[in-house]
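In: after the sequence you'll find the predicted model.
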Amino acid sequence: MAVLGENGSGKSTLLRLAAGSLAPVHGVRRANVPGHIAYAAQAPRFGPELSIGQVIDSYHHRFRELERLMDAVSRRLGAASGSRQEQLLGQLQQLTDIYEAAQGYSLEQRMDRALQQLGLAHLDRRMPAARLSGGQRSRLALACVLCSGAQLLLLDEPTNDLDETAMAWLERSLDAHRGALLVVSHDRMFLKRFARSIVEVADGALRHYGGGYDGYLKAKEQERQAALAAYESWKDELECSQSLVRKNTSRVAAIPRKQEKAAFGHGNFRPRSRNHGSTSKVRQAKSRIEELESHPAPRPAEELEFTLPTAGEQGNESGLLLSLHEPVRATEPRLACPNLDISLGQRWLVTGPNGAGKTTLLRLLAGELEYSSGGIHRAEDLRCAWLRQEAAPLRGQSLLQSFALATGQYLDDAAETLAALGLFDPRDFLRHPQALSTGQQRRLELAVAVSSQAQLLLLDEPTNHLSPALVEQLEDALAEYPGTVISVSHDRRWQQKLGQNGALHRLEVRTGTVRQLG
């Protein structure tokens, strides 16, 4: 089972509750897992005094306890005789069976292999665990949990920062696991392979979806269509009621305030009846309008759509956006690029190990970094939109103001545009930019990119901090986008879909050197 939801929705909290490391404020946690629970946190913290070896032992305390019991029984067995000896032999056999069933005898061998596959084999187990990087701590916890033999595995973003070798080992290990799995992940290929059902966390509540990841996507689209139908029905009824008020109000206005009585003489008039049919209809329609406006149907988000500038704003009719003439940046962050032409409509994928210079390349293409030699020619009036791996400082005193400043719109126009995208609850429009979560900052950048009419999109790990359903929408929008996309991504499904409608150009960055593949 997989747990999905926006950043900050409570996914990790749910795993901690399941693991028993966090007590519920209300309700009761019940666990019936005779084969034990093992939990790999997204950002595990180890005691500052613990060595790597001691951390491993802390995850495998069940094995260490069994080993101590087996050793204690064995010592007592040597001094026992008669019926006591038979009793101790029975206890030892029982402990040995449990230890063997949990694969205790192969634990060290499996742990060594796991550390090797996860790039941690070179570490001295006597070294303080506090010296490990965040990624190393996560991989160490993952290795320990997957070697624990526990019946229930709780994994929080296990695919983060894994290379191809480590990913292959993780998937083989989970294929061999015969117990239960509860995982938080944004890796859609991983979800498609291992998630039999989905739990979505939103607004402090859980919602279950069957049919695996594909079933989840299908159900979310059905929900969207149902919400759209409900909104259209609400809008139609509101318009009908408003039309009824206008029509019957004009009828009432046409009726004289007084009418002559059917009798002789002058000044014999009667007032217009308050129970006139048109007046009654107006009253009923106004009541319905008030009810509809006090309980509006939520407006569904529009489908994402990236567009180009209008024909008159296009600066280069040839379609060439960028032309690189071996630009070299000699100062940090260093980078050397080849001769390269980037044209309108192309799809580029940038790959390479962490820290190699992929983000530096995107910043160089965007014109944010200077180069020491060579040159970069940019098309006239080239518009570039960003999705950054690390959000840039946000201007303005509110989310709405930040969006308006970034897109050059008046506040009222910006509010209408932002609301139509459906990426934020309108109640969040007045929140200060510094109060936004990482996921909200990423959605704001996405909103700006969609609204910028840029010819060039630079997407740095675009699947990070976005829900899988939103990433699917983003991919669909890019498939129809006539502009150019240059993307840095480790996401396997993203890489597959980026070039599905045409040729995919590839750049590889290693130790500050860029080269074109194929």
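Out: Alright, I've got the coordinates.
In: where's V73 relative to Q94, distance?
Out: For V73, the distance to Q94 (Cβ to Cβ, to the nearest Å) stands at 9 Å. Yep, even glycine has a C-beta here, placed from its N, CA and C like the rest.
In: the more surrounded of these two?
Out: V73 (20 against 12; other Cβ atoms under 10 Å).
In: assumed the more buried one was part of a helix.
Out: Yes. Under DSSP: H, G, I helix; E, B strand; the rest coil, V73 sits within a helix.
In: may I ask which helix or strand encompasses the residue nearest to it when sequence neighbours are not counted?
Out: In space, and not counting its chain neighbours, V73 is closest to L92: 4.7 Å by Cβ to Cβ, 6 or more residues apart in numbering. Taking DSSP states H and E as the definition, one finds L92 inside helix 82-101.
In: what helices or strands is the helix or strand in which Q284 is found leaning on?
Out: Element membership of Q284 [criterion: DSSP H and E] is helix 277-294. Packing contacts for helix 277-294, counted by 3 or more Cβ pairs under 8 Å, 6 or more residues apart in numbering; DSSP states H and E, involve helix 212-254.
In: so for the helix holding Q284, what gets flagged as buried?
Out: Going by neighbour count (16 or more other Cβ atoms under 10 Å), the buried part of helix 277-294 is S278, T279, K281, V282, A285, R288, I289, L292.
In: stretch 169-176 too?
Out: W169, L170, E171, S173, L174.
In: now swap in stretch 348-368 and tell me
Out: 348-352, 356-366.
In: what of stretch 68-87?
Out: Buried residues in stretch 68-87 (16+ other Cβ under 10 Å): L69, M70, V73, L77.
In: for the first one, what are its contacts?
Out: To tie it back to what came earlier, the one meant is L69. Residues near L69 by Cβ atoms under 8 Å, 6 or more residues apart in numbering: L95.
In: so it is in which element?
Out: L69 belongs to helix 61-79, assigned by DSSP H and E.
In: can you give me the end-to-end span of stretch 393-403?
Out: 13 Å (Cα to Cα, to the nearest Å).
In: in it, what counts as buried?
Out: Per 16+ other Cβ under 10 Å, stretch 393-403 contains these buried residues: L394, S398, L399, L400, Q401, S402, F403.
In: quick one: mean pLDDT for that stretch?
Out: Stretch 393-403 shows a mean pLDDT of 91.
In: can I get the CA coordinates of the helix or strand hosting V328 in PDB?
Out: Assessed by DSSP H and E, V328 sits inside strand 320-329. Provided in PDB are the C-alpha atoms of strand 320-329 (Å, rounded to 0.1, in the frame of the first residue of the first chain):
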ATOM      1  CA  LEU A 320      16.600  29.000 -33.100                       C
ATOM      2  CA  LEU A 321      16.400  29.900 -29.400                       C
ATOM      3  CA  LEU A 322      19.900  29.300 -28.200                       C
ATOM      4  CA  SER A 323      23.200  28.800 -29.900                       C
ATOM      5  CA  LEU A 324      26.200  27.800 -27.700                       C
ATOM      6  CA  HIS A 325      29.700  28.300 -28.900                       C
ATOM      7  CA  GLU A 326      31.700  26.300 -26.400                       C
ATOM      8  CA  PRO A 327      31.000  28.600 -23.400                       C
ATOM      9  CA  VAL A 328      33.200  27.900 -20.400                       C
ATOM     10  CA  ARG A 329      32.700  29.100 -16.800                       C
END
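In: check the offset of that strand from the chain's centre.
Out: 33 Å (Cα atoms, centre = their mean, to the nearest Å).
In: one step back: which of the buried residues of stretch 393-403 fall in helices?
Out: L399, L400, Q401, S402, F403 (DSSP state H).
In: can you pull the contacts of the spatially closest residue to D428 that is not a sequence neighbour?
Out: In space, and not counting its chain neighbours, D428 is closest to L399: 5.9 Å by Cβ to Cβ, 6+ apart. By Cβ under 8 Å, 6+ apart, L399 lies in contact with F424, D428, F429, L430, R431, H432, P433, L436, Q440, L444.
In: distance of L399 from A114?
Out: For L399, the distance to A114 - Cβ to Cβ - is 43 Å.
In: now A330
Out: Distance from A330 to A114, by Cβ to Cβ: 41 Å.
In: give me the low-pLDDT residue ranges for this protein?
Out: Counting by pLDDT under 70, the chain contains low-confidence residues at 250-278, 311-318.
In: could you break it into its assigned domains?
Out: 2-210, 219-259+270-294, 317-517 (automatic domain parsing).
In: which one of these lies nearest to P300?
Out: domain 219-259+270-294 (4.5 Å; Cβ to Cβ).
In: quick one: the helices in the stretch 301-450 of the chain?
Out: Per DSSP state H, counting those that start in this stretch, the stretch 301-450 of the chain carries helices over the ranges 358-366, 399-407, 411-421, 438-450.
In: spatially nearest residue to D112 (excluding sequence neighbours)?
Out: A121 (7.2 Å).
In: L146 now?
Out: Excluding the flanking residues, the one nearest L146 by Cβ to Cβ, 6+ apart is S173, at 4.6 Å.
In: on contacts alone, who are the packing partners of the helix or strand that neighbour falls within?
Out: Per DSSP H and E: S173 is located in helix 164-176. On a contact count with 3+ Cβ pairs under 8 Å, 6+ apart, helix 164-176 meets helix 107-117, helix 134-146, helix 188-194.
In: so which of the ones you listed is the most packed in?
Out: helix 134-146 (a mean of 22; mean count of other Cβ atoms under 10 Å).
In: residues making contact with that helix?
Out: Contacts of helix 134-146 (Cβ under 8 Å, 6+ apart): 38-46, 52, 55-56, 59-60, 111, 114-115, 118-120, 123, 129, 132, 153-155, 158, 160-162, 166, 170, 173-174, 177.
In: do stretch 84-103 as well
Out: Under Cβ under 8 Å, 6+ apart, the answer for stretch 84-103 is 62-63, 66-67, 69-70, 73-74, 76-77, 80, 105, 110, 149.
In: what is the most widely separated pair among those?
Out: A80 and R110 (34.0 Å).
In: so who does K235 touch?
Out: Shown in contact with K235 (Cβ under 8 Å, 6+ apart): A297.
In: what is the host helix or strand of H505 packed up against?
Out: If you go by DSSP H and E, H505 is part of strand 504-510. Secondary-structure packing of strand 504-510 (3+ Cβ pairs under 8 Å, 6+ apart): strand 347-351, helix 358-366, strand 513-517.
In: what lines up beside it in the sheet?
Out: strand 347-351 (parallel), strand 513-517 (antiparallel) (DSSP bridges).
In: for the closest residue to A392 other than its chain neighbours, give its distance to D460.
Out: Excluding the flanking residues, the one nearest A392 by Cβ to Cβ, 6+ apart is W386, at 7.7 Å. For W386, the distance to D460 (Cβ to Cβ) stands at 8 Å.
In: shared neighbours of those two, anything?
Out: L362.
In: turn the buried residues of helix 277-294 into a markdown table, including distance to A336.
Out: Putting the buried residues of helix 277-294 into a markdown table (distance: Cβ to Cβ, whole Å) gives the following:
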| residue | distance to A336 |
| --- | --- |
| S278 | 80 |
| T279 | 81 |
| K281 | 77 |
| V282 | 76 |
| A285 | 71 |
| R288 | 69 |
| I289 | 66 |
| L292 | 63 |
